[in-house]
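**Q** Next input, structure requested:
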Amino acid sequence: MKTHVLAACTLLAGCGYFDSDTIERLTNVSPLEADPGQYEVVVTLPEGLDIPRGGAVLNVTAQRPDTHASSSGRYVLQRRETTEGALLFRVAPGDLPQLKAQQALIRDWEAETGGATTGTFGVDVDACRKGDGPDLNGLMSISLIEGTGTAPRVLVPPTPVRQVVITGGDNQVILPPCGL
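**A** Below you'll find the model as predicted:
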């Protein structure tokens, strides 16, 4: 399958730096074969920046060229918080059967079309600001945990907020307030 992987680092503007070792490892993971229940994203944000519940969504789409059939799934990622203040996101356990069924369908299409099926796999993230928002020099990071008991793999190392989120001409973060 010709798959386009869209990165999880999309608080709004996109990141200028990803850890190349982790990205290389992820390019060798088939989104059709990977067990989505084994992955968890760890996000560390500075004070004043948040991702609300329901604010991180996994989108999976595929198109079959011979019949023009399509499959799309939207999976709201479950949010948890660690005692250290990091946010953890994963596919909600109740959504795993639907996501695995979509993977199986797309694998079947792939076999039937000789690899001509195309698709996308990406995460959309909507951030919000608390109070006056974050210090633009505050650091945020994103890591990926692959399987139970494994150490997080850095996707985005500690990076100043100003390099990740959209800022206005007055150097203020352009994000909606949390809780609306």
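
**Q** Which parts of this structure are strands?
**A** Along the chain, counting by DSSP state E, strands occupy 2-5, 39-44, 49-50, 56-63, 70-81, 87-91, 118-125, 128-129, 139-146, 153-160.

**Q** Could you identify which of those strands is most buried?
**A** Mean neighbours per residue, mean count of other Cβ atoms under 10 Å, is largest over the strands of the chain for strand 49-50, with a mean of 22. The C-beta positions use only the backbone N, C-alpha and C, and glycine is treated the same way.

**Q** Let me know the average pLDDT across that one.
**A** Mean per-residue pLDDT for strand 49-50: 92.

**Q** One more: stretch 105-117?
**A** If you average the pLDDT over stretch 105-117, you get 93.

**Q** ok, F121 touching V60?
**A** Yes: the criterion here is Cβ atoms under 8 Å, and F121 meets it with V60 at 5.5 Å.

**Q** which residues do these two both contact?
**A** P31 (Cβ atoms under 8 Å, 6 or more residues apart in numbering).

**Q** Show me the shaky parts of the chain.
**A** 1-29, 166-169, 171-173, 180 (pLDDT under 70).

**Q** Return the residues in contact with P52.
**A** P52 is in contact with D126, C128, C178, G179, counting by Cβ under 8 Å, 6+ apart.

**Q** Repeat that for S71.
**A** S71 makes contact with V60, T61, A62, Q102, L105, I106, W109 under the criterion Cβ under 8 Å, 6+ apart.

**Q** helices or strands next to the longest helix that the chain contains in the packing?
**A** If you go by DSSP state H, the chain has its longest helix at helix 96-112. Applying 3 or more Cβ pairs under 8 Å, 6 or more residues apart in numbering; DSSP states H and E, we find helix 96-112 packed against strand 56-63, strand 70-81.

**Q** in its sheet, what does the longest one sit against?
**A** Neighbouring strands of strand 70-81 in its sheet, by DSSP bridges, are strand 56-63 (antiparallel), strand 87-91 (antiparallel).

**Q** so which of those gets nearest E81?
**A** strand 87-91 (5.9 Å; Cβ to Cβ).

**Q** For the closest one, which outside residues touch it?
**A** By Cβ under 8 Å, 6+ apart, strand 87-91 touches 36-37, 39-45, 51, 56, 58, 75, 77-82, 99.
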